[in-house]
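A.B. asks: What follows is a predicted structure for the sequence shown.
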Amino acid sequence: QVQLVESGGGLVQAGGSLRLSCAASGRFFSYVTMGWFRQAPGKGREFVAAITWRSDTTTYADSVKGRFTISRDNAKNMVYLQMNSLKPEDAAVYFCNRPNDPSGRSTNVYWPWGQGTQVTVSS
């Protein structure tokens, strides 16, 4: 069973940056596409970004393109999300997981959700 642990969230001013990390257990991590998702209060979970196992293709939600960068380190079983130029509307709990649809059209995932990491953006 894969376990996911997200970290790196916090409080930041609008325009600031944060780097989120996701640690994954399990030996299949290196060979699967991974993604980041987020859920704001009172809203459904939404896709943020995905990266293929070779890091040769990345996909982003339109709302974060040009500001967020997803990356991974397969040797360490880690996935990262560099978030720049943060906006108040980026505030949410951020989760990583293996998406059923790497194009971002669905938030269905393969593995149990972790606890997420809270991102708060002050205006």
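C.D. replies: Noted; the coordinates are in hand.
A.B. asks: From now on I want contacts and neighbour counts done on CA atoms only, so please keep to that.
C.D. replies: Fine.
A.B. asks: So, low pLDDT: which residues of the chain?
C.D. replies: Low-confidence regions of the chain, defined by pLDDT under 70, are absent; no residue qualifies.
A.B. asks: Find the centremost residue of it, please.
C.D. replies: With the centre of the chain defined as its mean C-alpha position, the nearest residue by C-alpha atoms, centre = their mean is Trp36, 2.2 Å away.
A.B. asks: That residue contacts Arg45, correct?
C.D. replies: No - contact criterion C-alpha atoms under 8 Å: Trp36 and Arg45 do not qualify, at 10.4 Å.
A.B. asks: Buried residues, stretch 71-88. List them.
C.D. replies: Taking 16 or more other C-alpha atoms under 10 Å as the neighbour-count basis, stretch 71-88 is seen to contain the buried residues 71-72, 74, 77-81, 83-84, 86-87.
A.B. asks: quick one: which of those sit in helices?
C.D. replies: Residues of the buried residues of stretch 71-88 located in helices (DSSP state H): none.
A.B. asks: Now flag whichever of these is closest to Val2.
C.D. replies: Nearest to Val2 among the buried residues of stretch 71-88: Asn77, at 11.1 Å, using C-alpha to C-alpha.
A.B. asks: which one is that closest one nearest to, not counting chain neighbours?
C.D. replies: Leaving aside its chain neighbours, Asn77 sits nearest to Ala24 (5.5 Å; criterion: C-alpha to C-alpha, 6 or more residues apart in numbering).
A.B. asks: residues in contact with that neighbour?
C.D. replies: Under the criterion of C-alpha atoms under 8 Å, 6 or more residues apart in numbering, the contact list for Ala24 reads 2-5, 77-78.
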